[in-house]
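*Asks:* Whatever this is, show me its structure:
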Amino acid sequence: LMNQALTAQASPDVPALKTAIRNSFATHGFMDYRRMRAFVQRAMTVPELLGNLCRTHPAEVAELALYAMRYGIKSYENLDDSDGSFGDIVRDVAMIHLEACREARPDGVKLARTVFKFQLQDDWVFFAFEDYAPLLGESGVAEYRKLAETAWQAVPSCGPKDKIRFSDRADYFAITRIMEELEQYAGDTSALVAVKAHDLSSPYHYLQIAELLREAGRETEALEWAERGLRDFAGYGDDQLVAFLLKVYDESKRYADAAELAFRSFRARPMVSRYRQLHDAATKNRDWQTRRRAAWQILDEKLVDRKPTRPQWESPDTTGSLRVEILLWEKDVDNALGEAKAHGCSAWVWRQLAAACEMTHSDEAVRIYQSMVDGIVDCRNNNAYAEAAELTEKIGRLMQARGESAKFDAWRSELKTRHRQKRNFMKALDALEL
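*Replies:* So this is what the prediction gives:
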């Protein structure tokens, strides 16, 4: 039908092409992934044929491309486009519309209204204002701004303590993107900051403003916004905002401020990455030992002094895991081992600890690895069997290096006896070169 509409006459049969486009993009209910291949093959004819028609009939193609975009966006909501194939098709149609407008040069004001209307429906950013702005002219850009500002006025501002959230509005993300693109195109940093400051419901929004101001060379204002973000969201819970401030403090040689911020950040949410930040900042401020003692006091207060109810290598005690991880980062294997034995840690941290013990505490590494093998095998799948066999080989090499080959053979024999019914695991063990 589409080919006939193109070849039957000098001017394209627009109504027939619209029918063909509608049929090509029709989903008839939700389109699952299994049906997508046939659908995509049918849909890809739209950009192919519109592209061929664009040079000779740009005005008609502009109209047809918009028609296709309307149905494409509607269909996009009703299919499983996991591999992005249909998204690429719709994006190609959007590019053809832009190219057709460049050729046809439609009225700027009408085009501004069209682009704005579609952008409000466009959650996938198929249309970008900066692409169309050169085609709109002064009157078109003015019309676009008028439409955008009118819609923007209907969106309430949102502060840290407000219950209103922009995400509750269906058009929030679209109108926000429109306003940001508009001010970016105008090159007005202050206006762009005002747009972003409309929603201060998250520390990340303060960070975005701070980064924007810093990029514009407005360092003092950038710092003020970042520090304001920390004050408005007490607790120093945002890693990116803290990292931004630490970098600014470091570059301006405000080492005391950096050390204090890093300590408050660690106190709010103790974790290895924040401990490293504290170490770096406090080292430059020459008070690392004092800060380290304070950090460990925090860990002591959080530690639940109890014996694990499960084997130590399965302990869910996150505080114990953190203590061990920090000591491993400090390369203090002896104390890390003592912490793990006393308070337990997660299986992953036990694995890290065993790896750290291999060179200097190989007997402990063997003990830890042996404790893990049965649990891995009991997962009962080939990946687990391969992992358990690899761990068994590591145990064998460590024990052989210690002159304990006979002990290893006896342990492996017991392991095979316990799991003799797991044939694939037996095959994996037999394949080891030990």
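
*Asks:* What are the contacting residues of the strand or helix carrying residue 145?
*Replies:* Using DSSP states H and E, the element containing residue 145 is helix 129-153. Applying Cβ atoms under 8 Å, 6 or more residues apart in numbering, the contact partners of helix 129-153 are 98, 101-102, 105-109, 111-113, 115-116, 119-120, 171, 175, 178-179, 181-182, 184-185, 195, 198. Using the backbone N, CA and C atoms, a C-beta is placed for each residue, glycine as well.

*Asks:* If any of those residues are buried, give me the ChimeraX selection for them.
*Replies:* The buried residues among those can be selected in ChimeraX (16 or more other Cβ atoms under 10 Å) with this line:
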select :98,101,106,108,109,111,112,115,116,119,120,175,178,179,181,182,184,195,198
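
*Asks:* re earlier: need the next SSE after the helix holding residue 145, C-terminal direction.
*Replies:* Per DSSP H and E, the first helix or strand lying C-terminal to helix 129-153 is helix 172-186.

*Asks:* looking at this structure, which helix or strand is least sure?
*Replies:* Taking mean pLDDT, DSSP states H and E as the measure, helix 2-7 is the helix or strand of the chain with the lowest mean score, a mean of 50.

*Asks:* Which SSE is immediately downstream of that one?
*Replies:* Next along the chain after helix 2-7, taking DSSP H and E as the criterion, comes helix 14-25.

*Asks:* What is that next one packed up against?
*Replies:* Packing contacts for helix 14-25, counted by 3 or more Cβ pairs under 8 Å, 6 or more residues apart in numbering; DSSP states H and E, involve helix 2-7, helix 33-43, helix 45-54, helix 58-76.

*Asks:* which one of these lies closest to residue 398?
*Replies:* Closest of these to residue 398 is helix 33-43, at 46.8 Å (criterion: Cβ to Cβ).

*Asks:* how distant is that closest one from the center of its chain?
*Replies:* With Cα atoms, centre = their mean, to the nearest Å as the basis, helix 33-43 stands 28 Å off its chain's centre.

*Asks:* Phi, psi for residue 31 please.
*Replies:* phi -100, psi 110 (degrees, to the nearest 10).

*Asks:* Can you give me the neighbour number for it?
*Replies:* By other Cβ atoms under 10 Å, 19 other residues sit near residue 31.

*Asks:* hey, what's it bridged with?
*Replies:* Taking DSSP bridges, one finds residue 79 as the beta-bridge partners of residue 31.

*Asks:* Now for it: which residues touch it?
*Replies:* Residue 31 is in contact with 39, 75, 78-80, counting by Cβ under 8 Å, 6+ apart.

*Asks:* Just the buried ones from these?
*Replies:* 39, 75, 79.

*Asks:* out of those, which one sits closest to residue 379?
*Replies:* Residue 379 lies nearest to residue 79 out of the buried ones among the contacts of residue 31, by Cβ to Cβ, at 36.0 Å.

*Asks:* what helix or strand is residue 120 on?
*Replies:* Residue 120 belongs to helix 108-121, assigned by DSSP H and E.

*Asks:* Show me what that helix is packed against.
*Replies:* Packed against helix 108-121 by the contact rule (3+ Cβ pairs under 8 Å, 6+ apart) you find helix 58-76, helix 129-153, helix 172-186.

*Asks:* which of those helices is buried the deepest?
*Replies:* For those, the largest average neighbour count (mean count of other Cβ atoms under 10 Å) is found in helix 58-76, namely a mean of 21.

*Asks:* Now do that helix and helix 14-25, the angle between them.
*Replies:* For helix 58-76 against helix 14-25, the angle by axes from the mean of the first three to the mean of the last three Cα atoms, to 10 degrees is 30 degrees.

*Asks:* Which strands or helices does helix 58-76 pack on?
*Replies:* If contacts are counted by 3+ Cβ pairs under 8 Å, 6+ apart, helix 58-76 sits against helix 14-25, helix 45-54, helix 85-104, helix 108-121.

*Asks:* Which residue comes closest to residue 245 once chain neighbours are left out?
*Replies:* Nearest residue to residue 245, sequence neighbours excluded (Cβ to Cβ, 6 or more residues apart in numbering): residue 226, at 5.1 Å.

*Asks:* where's the one you found, which helix or strand?
*Replies:* helix 219-232.

*Asks:* Nothing else from me, thank you.
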